[in-house]
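1. make a model of this:
(one chain, ligands or ions: 1)
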Amino acid sequence: MPKIEIRYQKVRDAKRFFEIFNNSNFEFLSVIVKSLADEQKFLRGNHKKRKNNLEHNYAILYGTKVVGAIGVRIINYRNYIGEIGYFIDEKYWGQGIATKALKLIERGYLKKLHISRMQLVIDPRNLASIKVAEKCGYKKEGLMKKAIKLNNKKVDAYLYAKAK
Ligand SMILES: CC(C)(COP(=O)(O)OP(=O)(O)OC[C@H]1O[C@@H](n2cnc3c(N)ncnc32)[C@H](O)[C@@H]1OP(=O)(O)O)[C@@H](O)C(=O)NCCC(=O)NCCS
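-> Purely as a prediction, here's the structure:
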């Protein structure tokens with residue numbers, strides 16, 4: 001089985017991320033990428049956001065292939081809280097890639113950022129993501145009313161968290 005790794009995102013990942021967004025059924029992901037140019041713009045902003053400790057975004061590699069992304073957004077008013085998001089190319093679902101990527105980001109990176117509380121905000125219908133959270137030891141803390149926007153509609157979401 002190819003090795004699963006994470007590394008900082010590069011601007012040249014834009015094409016691959018855009019392809020993944022267009023070819024996968026991301027029913028419960030609130031992020032929308034409208035164009036390749038938008039994706040490039042987002043990736044160009046990564047360096048500054050990392051330097052300012054706002055967001056730390058990684059590409060997920062399966063062997064040499066980029067198959068998804070995982071990132072942590074620092075909740076600014078308490079900079080020891082990180083909110084994590086991820087997606088995987090649909091063709092690669094069900095192989096433990098997101099679970100491994102979440103473990104990698106926790107072990108290798110979050111420690112360095114002094115994050116002691118990690119959160120995941122998940123649509124209750126997103127059973128695959130709930131499974132990933134639970135396999136990584138996150139506990140459900142509650143249902144947040146109208147916490148995410150999906151297809152222009154605000155919907156409730158579970159808050160999963162882990163504190164060290
Ligand atoms: C959520 C997501 C990242 C999971 O990626 P993945 O690499 O397939 O995840 P893993 O293989 O590590 O684990 C998924 C688990 O969910 C299970 N699963 C998948 N669909 C399921 C379903 N409908 N019901 C119950 N379990 C399900 C899988 O069997 C697997 O569990 P197992 O290892 O015990 O068999 C992927 O589905 C995705 O990119 N979804 C779209 C984006 C998204 O929703 N991101 C999360 C936003 S909170």
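
2. flag every residue of the protein that's near the ligand.
-> 26, 28-29, 85-88, 93-99, 122, 126-129, 131-132 (Cβ under 6 Å from any ligand atom). C-beta here means a position set from N, CA and C on the backbone, and glycine is covered the same way.

3. narrow the residues you listed to just the buried residues.
-> The neighbour-count criterion (16 or more other Cβ atoms under 10 Å) marks 26, 28-29, 85-88, 97-99, 122, 126, 129, 132 among the residues of the chain next to the ligand as buried.

4. take these and lay them out in a markdown table including pLDDT and secondary structure.
-> Listed next are those as a markdown table, based on pLDDT from 0 to 100; DSSP: H, G, I helix; E, B strand; the rest coil:
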| residue | pLDDT | secondary structure |
| --- | --- | --- |
| 26 | 93 | coil |
| 28 | 94 | coil |
| 29 | 89 | coil |
| 85 | 97 | strand |
| 86 | 97 | strand |
| 87 | 97 | strand |
| 88 | 98 | strand |
| 97 | 98 | helix |
| 98 | 98 | helix |
| 99 | 98 | helix |
| 122 | 97 | strand |
| 126 | 98 | coil |
| 129 | 98 | helix |
| 132 | 98 | helix |
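
5. which non-adjacent residue is nearest residue 143?
-> Spatial nearest neighbour of residue 143, chain neighbours left out: residue 156 (5.4 Å); criterion: Cβ to Cβ, 6 or more residues apart in numbering.

6. residue ranges of the strands in the chain, please?
-> Secondary structure of the chain (DSSP state E): strands at 4-8, 55-62, 65-74, 81-88, 117-122, 139-150, 153-163.

7. coming back round to it: ok, now which ones touch the residue nearest to residue 143?
-> Applying Cβ atoms under 8 Å, 6 or more residues apart in numbering to residue 156 gives the contacts 124, 143, 144, 145, 146, 147.

8. from residue 149, how far out is the residue lying closest to residue 163 once chain neighbours are set aside?
-> Once flanking residues are discounted, residue 163 sits nearest to residue 117: 4.5 Å by Cβ to Cβ, 6+ apart. Going from residue 117 to residue 149 by Cβ to Cβ, to the nearest Å gives 24 Å.

9. the more surrounded of the two?
-> Legend: neighbour count by other Cβ atoms under 10 Å for residue 117 and residue 149, higher for residue 117 (15 against 11).
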